Structures are given as structure tokens and as C-alpha cells.
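1. Have a look at this prediction, sequence included:
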Amino acid sequence: MASLKALKVRIGSVKSTQKITKAMKMVAAAKLRRAQEAAVAGRPYAERLEAVMASLASKVGVSEGSPKLLAGTGSDQVHLLIVATSERGLAGAFNSNIVRAARKKAQELEAAGKTVKFYIAGKKGRVLRRFFPTQIAHDHEMSQIKKLAFSDAREIADDVAARFEAGEFDIAHLFYARFQSALVQEATGRQIIPVALPAASATATASDAAVIYEPDEESILADLLPRNIAIQIFRALLENAASEQGSRMTAMDNATRNAGDMIKRLSIQYNRARQAAITTELVEIISGAEALK
């Protein structure tokens, strides 16, 4: 009887969990559509601005008057890894993949003799403290954000740019998950400070076009470079929002299916135990009746 009661309680517990995971899947699916639309809509502008910045950077001569965000510090010793993750878990491997990509990059840089610092944007990125306890430059609080806005990315960008101007690092890399589908989110890392020069082939293609700038290239860069950082961070946050919901929807769907399979197995065990108990009781009743004859 004790075994039957335990199985019944366990089946009820799994059913309750299944209801929760099914509800979370439905909520994630509803949020995914809006997040995906925002991420896809933001890509063309961000990608085009990034390409324009790289093209301009390849054509502007670096001098003492050049913006630091373009020319850099003249060194590549200190690297800042901006790791954008979510505030909540239960999203499959979404956060761990981003953290893993950042850790891999950090290990490569340290193996090359570089100094690595981390700028955490998102609660789940704090797991990096376990691996790099003395290398966390800043932990940006994002729990108060209810609906993602450009001002949130601008706040991070302004802080990062100020730290760059203060000489805290030489190169900044941004890590996030690029949304491809509800099943696939690709952990991505890209250099955002200073502007990464395009590949040689791309530079050759771009140089074929005649471009006129007004007032001049360096003035345009001085205005657009800080905005480009904010745009790239905003793009990363939008991609993360869609990736998080896609990953959560998939994870909760798998959890719901697994709960269903477990309920079936436990129900079979329960029915077998119940049949065994009934058979035992019948045998005892029959044995007692035979003894009374």
C-alpha cells in the first residue's frame, strides 16, 4: 500500500510539473513571435551601419586627431568581453552556450599573453565569477528592464565607451546568441571597439565605389562611432530576446514530452503494483475461506 501511495503521489507531482512546462511553452511561443519580429527588423540597419563603419575606417587615415573608437589605443593587450545573457533560466543551453563562447575566447587570449576582463550584462552571465573571480570589470544590472528599449543599450554603450576613453581596455568583444530559429541559436562573438576593418576582398570591392562625404570622414565617424556601439549592443539584446524565447519554448516542449513519458511509465508501474496488491488480497481471502471449511 505504501508503494501504491508513493507512486500515486509521484504521478500527481509529475502531472503538476507537466502543466507548468506546458504553460511556459505556450507563453514562450507567444513572446517568441514578437521578439523574432523585432530581432529580424533590427538586423538590416545594424548590419549596414557596421559595414559603413568598417568601410569608412578602412579609408580614413589614422592620426593623432582620429577618434579613439576608430584608431584604437595603439595596443591590443587588454581585452574586454561583453557577455550578454538573460535574467532567467529554464531556457535550455541558451545562456551556457554564450558563456562557453566567451570562456573559449578568454582562454585563447590568455594563452596569447593578453589580459582579459569581463563586462556582464544579464544575471546568468554571473556564472563567469566562478571561473574568473578577479576579472569582472562590471556587472550591469538588467533585472529592472520589463520591455527592451534602445535606451537600455545606450546605457551600456555609454558606460563601455567611457571605460574605453579612461584607458581600462584596448579592445572590446560582444558575445550574444544570434537567432536563427526556435531550434537553433548560434553563440556569436564580434569586435565592436575599435571598429574592425573589413576583409581584404571586401575592402577591394568597396573601394571601387566613389563616395563623397560631407563634411569629412573623420567628423562623420566621431558622431557615428558611439551610435554604432549602441546599435550593435541593441541588436545583440534583441537577438538574445528572440533566442531566449525560442530556446525556452523548445526546452519546455521537451520537458512536457518527457513528463508525459514519465507519467506513462509510472502509470504502468502503479497499475502493476495495484494488480499485484489485488491478487494478494484475493489469495488471502480464498486461503481464509478454505481454512474455514
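-> It's in.
2. Now stretch 6-18: average pLDDT?
-> Averaging pLDDT along stretch 6-18 gives 90.
3. From the chain's centroid, how far away is that stretch?
-> How far stretch 6-18 lies from its chain's middle: 32 Å, per CA atoms, centre = their mean, to the nearest Å.
4. Return it as CSV; C-alpha atoms alone will do.
-> Extracted C-alpha coordinates of stretch 6-18, given in CSV (Å, rounded to 0.1, in the frame of the first residue of the first chain):
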residue,chain,number,x,y,z
ALA,A,6,4.1,6.8,-3.2
LEU,A,7,3.6,6.0,-6.9
LYS,A,8,0.3,7.9,-6.9
VAL,A,9,1.9,10.9,-5.2
ARG,A,10,4.7,10.9,-7.7
ILE,A,11,2.4,10.7,-10.7
GLY,A,12,0.4,13.6,-9.4
SER,A,13,3.7,15.6,-8.9
VAL,A,14,4.8,14.9,-12.5
LYS,A,15,1.4,15.9,-13.8
SER,A,16,1.6,19.2,-12.0
THR,A,17,5.1,19.8,-13.4
GLN,A,18,3.8,18.9,-16.9
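5. Only the buried residues of it, if you could.
-> By 16 or more other CB atoms under 10 Å, the buried positions in stretch 6-18 come out as 7, 11, 14, 17, 18. Just so you know, the C-beta spots here come from the backbone N, C-alpha and C atoms, and that holds for glycine as well.
6. now the second one: how far from residue 25?
-> Residue 11 sits 21 Å away from residue 25, taking CB to CB, to the nearest Å as the criterion.
7. how about the helices in the stretch 51-200 of the chain?
-> 68-71, 94-111, 128-131, 150-165, 200-207 (DSSP state H, counting those that start in this stretch).
8. what packs against the second one?
-> What that stands for is helix 94-111. In terms of contacts (3 or more CB pairs under 8 Å, 6 or more residues apart in numbering; DSSP states H and E), helix 94-111 is packed against strand 78-84, strand 115-121, helix 128-131, strand 171-179, strand 185-193, helix 217-292.
9. repeat that with 7 Å
-> Here helix 94-111 touches strand 78-84, strand 115-121, strand 171-179, strand 185-193, helix 217-292, going by 3 or more CB pairs under 7 Å, 6 or more residues apart in numbering; DSSP states H and E.
10. Now tabulate the ones you listed in a markdown table and tack on mean neighbour count and distance to residue 93.
-> Converted to a markdown table, those look like this (neighbours: other CB atoms under 10 Å; distance: least, CB to CB, whole Å):
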| stretch | mean neighbour count | distance to residue 93 |
| --- | --- | --- |
| strand 78-84 | 24 | 15 |
| strand 115-121 | 22 | 19 |
| strand 171-179 | 25 | 10 |
| strand 185-193 | 19 | 9 |
| helix 217-292 | 17 | 7 |
